[in-house]
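J.: how would this look folded up:
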Amino acid sequence: MKKLFLIFVLFILFVVTAAGVAGYVKYRQYEKFKKTEILLEQEVSIIVSRGDSWRKVASVLEEKGLIKDRDMFHWMIREHEWGSSLKTGEFEFSGSLSPLKIAERIVEGRVKLYAFTIP
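T.: Below you'll find the predicted structure:
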């Protein structure tokens, strides 16, 4: 009976340790994801419409090659409590940007501006 209890305790200890290591590894990946910049060869534009969610925006950003993982992007939005800070408009991205910089640009509402002349 004591042997069975010892095996059970060791098993639980192993599972908890494995979960802790897996959580730590995922956290490190997430921290790297937030700060890793992606160099864009050309300008990329996205349109955020009224009623869009951050999940939809993350999917569009991933499709356009601006971010590598939409789930981590969404976790970042939740971490910074930007859930209700999504701005609408056309956003243009160029150069070297991290997912954090992309999200900040959208939260701040820095939309693409067009120049025109009135005759």
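J.: which residues touch the residue most central in space within the chain?
T.: With distances taken as Cα atoms, centre = their mean, the residue of the chain nearest its centroid is residue 73 (1.0 Å). Residue 73 sits next to 33, 54, 58, 61, 62, 67, 99, 103 when contact means Cβ atoms under 8 Å, 6 or more residues apart in numbering. Placement of C-beta: from N, CA and C, glycine included.
J.: which non-adjacent residue is nearest residue 47?
T.: residue 90 (5.0 Å; Cβ to Cβ, 6 or more residues apart in numbering).
J.: hang on, the earlier thing: after the helix or strand hosting the residue nearest to the centre of the chain, next one along is what?
T.: If you go by DSSP states H and E, residue 73 is part of helix 70-79. Counting by DSSP H and E, the next helix or strand C-terminal to helix 70-79 is strand 89-97.
J.: dump the contacts of residue 73 into CSV; add secondary structure as well.
T.: Formatted as CSV, those follow (DSSP: H, G, I helix; E, B strand; the rest coil):
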residue, secondary structure
33, helix
54, helix
58, helix
61, helix
62, helix
67, coil
99, helix
103, helix
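J.: quick check on the residues you listed: which are buried?
T.: 33, 54, 58, 61, 67, 99, 103 (16 or more other Cβ atoms under 10 Å).
J.: go ahead and confirm the third one touches residue 66.
T.: So that's residue 58. No: if you go by Cβ atoms under 8 Å, residue 58 and residue 66 don't touch, sitting 9.6 Å apart.
J.: now for the protein, the helix or strand with the poorest mean pLDDT.
T.: Sorting the helices and strands of the chain by mean pLDDT, DSSP states H and E puts helix 2-35 at the bottom, at a mean of 89.
J.: can you list the buried residues in that one?
T.: Under the neighbour-count criterion of 16+ other Cβ under 10 Å, helix 2-35 has 33, 34 buried.
J.: go on, stretch 111-119?
T.: residue 111.
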